[in-house]
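Engineer: predicted model, plus sequence, below.
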Amino acid sequence: MPHDIVNGHIGHNHSHDHLHSHLKPEDEAQDLQVLAGQFIDGFTQAKDKMAYLRLAGVPLERASADGGASLKLVDVQLTTEWQVGTASPSFGSRELSYLPYPGEMVTERTNLGFVYVSMETKEVVDLRAFLHAKHAEDL
């Protein structure tokens, strides 16, 4: 199939508005999960945590959502959770249907949040939300 060179990139000779593809939402979620895991591994192993945050493009200050004073990054929090079961609404009942997991199905999740504060407020930005916003900037 013939290729065109457009803006230094090789693309197929099709009549598309753009040459890149978009990920399906489930693929994007999987990509973000992989990126988040790699970010957490890198951050926990980094000897210089501030240098790691700067290299990753994590802002040390954020504008306040309400237009107030800017918020400053003061903490990076890591939390680990283990999902040991599931609960969902039962049909025709106010009780939850509860299914505890056998040992081999228990899963571990580690989450990272950036804690920003000002004199008036505190915001925690989830790593996945940060990565999603960065990913959207790159498109």
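Structural biologist: Yep, it's here.
Engineer: next, the buried residues of the longest helix seen in the chain.
Structural biologist: Counting by DSSP state H, the longest helix found in the chain is helix 25-45. In terms of neighbour count (16 or more other Cβ atoms under 10 Å), helix 25-45 has its buried residues at 32, 35-36, 39-40, 43. To be clear about C-beta, it is placed using only N, CA and C from the backbone, and glycine gets the same treatment.
Engineer: and which of those is nearest to G57?
Structural biologist: Within the buried residues of helix 25-45, the smallest distance to G57 is 11.0 Å, found for F39 (Cβ to Cβ).
Engineer: I'd say the closest one and A56 touch.
Structural biologist: Yes - under the contact definition of Cβ atoms under 8 Å, F39 touches A56, with a separation of 6.7 Å.
Engineer: hang on, the earlier thing: next SSE downstream of the longest helix of the chain?
Structural biologist: helix 49-56 (DSSP states H and E).
Engineer: in that next one, what's buried?
Structural biologist: 52-53.
Engineer: any chance of the buried residues of helix 25-45 in CSV, plus pLDDT and distance to Y98?
Structural biologist: Formatted as CSV, the entries for those read as follows, by pLDDT from 0 to 100; distance: Cβ to Cβ, whole Å:
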residue, pLDDT, distance to Y98
L32, 89, 29
L35, 93, 33
A36, 94, 28
F39, 96, 33
I40, 96, 30
F43, 97, 35
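Engineer: thanks again, I'm all set now.
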